[in-house]
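**Q** Build me a model:
(chains A and B)
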Amino acid sequence: MTPSGLSIYLLFLPPLLGMLICTLRLSARAALGAAVATGVLECLAAAQCLAALHGNARLFAAGGQLFVDALSGYHLALVALVFCVTSIYARGYFAADIATGKFRAAQAQRYGLLYHGFLAMLVLVLTANNMGLLWIALEATTLVSALLILTDGKPASLEAMWKYLIICSVGIALAFVGTLLLSVAARGADPGGARAFFWTTLIDHAAQLNPGIMLAAFVFALIGFGTKAGLAPMHTWLPDAHSQAPTPVSAVFSGVMLNCALYGIMRYLPLTEDSLGSSMRAHHLLLVFGLVSIVVAAIFIPAQHDIKRLLAYSSVEHIGIIAVGLGLGGVGTIAALFHTLNHSLAKTLAFFSAGRLAETYGTHDMRLIKGASRASPLWGGGFLVSILALVGMAPFSIFMSELLIVKTALQAKALITLVIFCGGALIVFVSALKHAMDVSLGSSGREITPLRPSASDAIMVVGFTALLAVTGLWLPHWYLSLLDTMKNIIEHAPLPAGGLL
Amino acid sequence: MNQGQHLLVIILVIINFFMLSTSRLRALIRGAGLQGLLLGIFPFVAHAGYFSGHTLILSALSIFIKGVAIPLLLFRALRGVSVEREAHPLVGYTLSIAVCIIITALSFYIGGIIPASAAFPSQAMLALSICMALCGFFLIITRKQAISQVIGYLVLENGIYVFGVSLAVAQSLLVEMGVLLDMLVGAFIMGIVIYRINREFDTISTLSLEALKQ
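**A** Predicted structure coming up:
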């Protein structure tokens, strides 16, 4: 085994260990504690994988079936980070339910098992080199996470889970058609053998792929993976699943699962563009879906009353923004990748705060959650900050990535894109901010017994806020060159300038 | 195209018609199971004289999972559920058959206009796969019983399987086994949900699932 292979296998070790531990007879507290330990270990594993990547363009394992490059390494780091903080948050989130006996040891074990299984499958999505394996792993994340939605067993979560299962299964089935078509398109080009369906092989021979069939493959992959990513109009499962799942699960859904589905599209994009001779046609398709998502989010966000549905629709908007950035190409791609990080951080903080506020007030209804910053200064403040960041207020980093996308659209003279993007962002800005102001600063007639936040809660909120603010003002040099490396992976061949929507 | 292939295509289309016209849930499960069994022998008929260890293992697995394991799982999920029939589908049975005729005609028309080439060797099988995928989709959107929707998903998957076989795509064994495993686990989880929905709402009609709107 090569050392590079080892560093990929190490990524799977923490989740597998976690699953093993959760099969033991543990108390609920211990099972949640185990998740924290594996979360920290996964961060270390991702860090050593990124370190091993330094100086190598790609690492391989399992005879080339698995590989890591800058693009997957970046997403892996994000997954590890979000899982780690979510595990820490989950201890506080479930504490009250454990005390009242609503969250028993058996449930905690099941939750831990699925949670670690979910992590393992997301890691498999991001390390798969075989395009068939990528599909299998993404389908497996649906199956595992569907059961996570059901943690509390309420009728409404059953409904959300059913929609999630059926809609995403059908979507992923369409992505399978795309996978099949990809292998047909590769038939004339591949050198044969077991490596023929590896992404690293395909990208080297991308110019010889059959262009017509490759475009069809991309359309199916876009719709299929797009369903899982929450691109409108295939997003209908998303608000239900996000609002009904336990908050730690919602945070992982929005924070990383949607990105992992988009990651699948990012792998198809260069294959399609190279085989079509850089016509930007695949980019245009992605751009259209991104714009539709922004419009849908702008229509639904003003009317939301459920605090977690508000955040879910905001995810539809931000996945749309990332798709628009990718669709514009060039600097837009860099902005989209930067936005991926920003959205994950801000949305994770938003869900954390919303979850605890909903717990404090005993409702998800924003008409009843008022004056949160007095009832719970930490979470009320955290919610306001995260919404400020999400709507693109300066100096937070989302402002920078959105500005970069606007700039790219201006330079490409993509006027329709510009108008829809800015219009949608403006509507979301006004309406989401109004919701957030009411929630944090409004006055409620009720007396609320505030939750006592723990030290780790305070560190989390302050840490996220600082990270969002700092990355909005200054980025380290290595991060910029990482963004550039990733852009070169997604845009394997240089793209023509201008001529966009 | 040989005789056996034609026969298999015709039988599968007839099963499609049967499934869209029946109201009994058990018959629906049997139809999907029968399709699964027939699909297991499909690779041998489709590529006559092509026998390899790879194909044999996959066919055996496919027959076991789609023809035996999944139907048994679904029968088990139906146990304890009082519902036997899909009472009032969104689209009635007569109309369903009409839709099925239109879908079939359309699929074979599309199959006919795509020229047979190295990429798509068999027009009839391409047509069959489109037909099955659309029928599965039709079941999902028009039937209200949760179990009918699962069957629709299975028919859709079967259509995609036919598509894969007709392309003669040599995927690695690992990948194809993974696909089958995902399908089995998917059906298993859907079975669990059907059980839970029945316990929670005392019915498996998805009409009771309408609390979440907007």
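**Q** rest of the way, CA atoms for contacts and neighbours
**A** OK.
**Q** Look at residue A:316 and give its secondary structure.
**A** helix (DSSP: H, G, I helix; E, B strand; the rest coil).
**Q** got the residues of chain B near chain A?
**A** B:119, B:149-150, B:153, B:156-157, B:160, B:164, B:167, B:169, B:171-172, B:175, B:178-179, B:182, B:185-186, B:189-190, B:193, B:196-197, B:200-201, B:209-212, B:214 (Cα under 8 Å from any Cα of the partner chain).
**Q** Would you agree residue A:418 is in contact with residue A:411?
**A** No. Counting by Cα atoms under 8 Å, residue A:418 does not reach residue A:411; the two are 10.5 Å apart.
**Q** More neighbours: which of these two?
**A** Counted by other Cα atoms under 10 Å in any protein chain shown, residue A:418 and residue A:411 do not tie: residue A:418 has more neighbours, with 20 against 12.
**Q** dump the residue contacts of that one.
**A** Neighbouring residues of residue A:418 by Cα atoms under 8 Å, 6 or more residues apart in numbering or on different chains: A:406, A:409, A:410.
**Q** Can you lay out those as CSV showing pLDDT and neighbour count?
**A** Listed next are these as CSV, based on pLDDT from 0 to 100; neighbours: other Cα atoms under 10 Å in any protein chain shown:
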residue, pLDDT, neighbour count
A:406, 95, 21
A:409, 94, 26
A:410, 94, 14
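**Q** Okay, now the unreliable bits of the stretch 301-450 of chain A?
**A** Within the stretch 301-450 of chain A, the stretches with pLDDT under 70 are A:444-445.
**Q** quick revisit: from the contacts of residue A:418, which is closest to chain B?
**A** residue A:406 (29.6 Å; Cα to the nearest Cα).
**Q** where does the closest one land in three-state SS?
**A** Assignment for residue A:406 (three-state DSSP): helix.
**Q** how about the strands in the stretch 351-500 of chain A?
**A** Remark: strands of the stretch 351-500 of chain A are absent; assignment by DSSP state E, counting those that start in this stretch.
**Q** the helices in it, which residues?
**A** A:372-375, A:377-390, A:397-411, A:415-441, A:455-473, A:477-490 (DSSP state H, counting those that start in this stretch).
**Q** winner for burial among those?
**A** Greatest average neighbour count among the helices of the stretch 351-500 of chain A goes to helix A:377-390 (a mean of 24), per mean count of other Cα atoms under 10 Å in any protein chain shown.
**Q** just the CA coordinates of that one, formatted as CSV?
**A** The C-alpha coordinates for helix A:377-390 follow below in CSV (Å, rounded to 0.1, in the frame of the first residue of the first chain):
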residue,chain,number,x,y,z
PRO,A,377,-28.6,36.6,23.6
LEU,A,378,-26.3,34.0,22.3
TRP,A,379,-28.6,32.1,19.9
GLY,A,380,-30.8,35.2,19.1
GLY,A,381,-27.6,37.0,18.2
GLY,A,382,-26.3,34.0,16.3
PHE,A,383,-29.4,33.8,14.3
LEU,A,384,-29.3,37.5,13.4
VAL,A,385,-25.7,37.3,12.4
SER,A,386,-26.1,34.2,10.3
ILE,A,387,-29.1,35.7,8.4
LEU,A,388,-27.1,39.0,7.9
ALA,A,389,-24.4,36.8,6.4
LEU,A,390,-26.8,34.8,4.4
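**Q** now for that helix, which elements pack on it?
**A** Packing partners of helix A:377-390 (3 or more Cα pairs under 8 Å, 6 or more residues apart in numbering or on different chains; DSSP states H and E): helix A:331-361, helix A:372-375, helix A:397-411, helix A:415-441, helix A:455-473.
**Q** How far away from the center of its chain is the longest one?
**A** Average the C-alpha atoms of helix A:331-361, do the same for its chain, and the two points are 9 Å apart (Cα atoms, centre = their mean, to the nearest Å).
**Q** Okay, helices next: where are they in chain B?
**A** With DSSP state H as the criterion, chain B has helices at B:3-21, B:25-46, B:53-62, B:70-78, B:93-113, B:123-142, B:146-167, B:173-201.
**Q** Now mean neighbour count too, for those helices, in JSON lines please.
**A** JSON lines is the format used below for the helices of chain B (neighbours: other Cα atoms under 10 Å in any protein chain shown):
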{"stretch": "helix B:3-21", "mean neighbour count": "17"}
{"stretch": "helix B:25-46", "mean neighbour count": "21"}
{"stretch": "helix B:53-62", "mean neighbour count": "15"}
{"stretch": "helix B:70-78", "mean neighbour count": "19"}
{"stretch": "helix B:93-113", "mean neighbour count": "17"}
{"stretch": "helix B:123-142", "mean neighbour count": "24"}
{"stretch": "helix B:146-167", "mean neighbour count": "25"}
{"stretch": "helix B:173-201", "mean neighbour count": "19"}
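**Q** Export those helices as CSV, with columns for distance to residue B:85 and mean pLDDT.
**A** Formatted as CSV, the helices of chain B follow (distance: least, Cα to Cα, whole Å; pLDDT from 0 to 100):
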stretch, distance to residue B:85, mean pLDDT
helix B:3-21, 12, 89
helix B:25-46, 5, 86
helix B:53-62, 28, 81
helix B:70-78, 11, 87
helix B:93-113, 12, 89
helix B:123-142, 14, 89
helix B:146-167, 10, 86
helix B:173-201, 15, 79
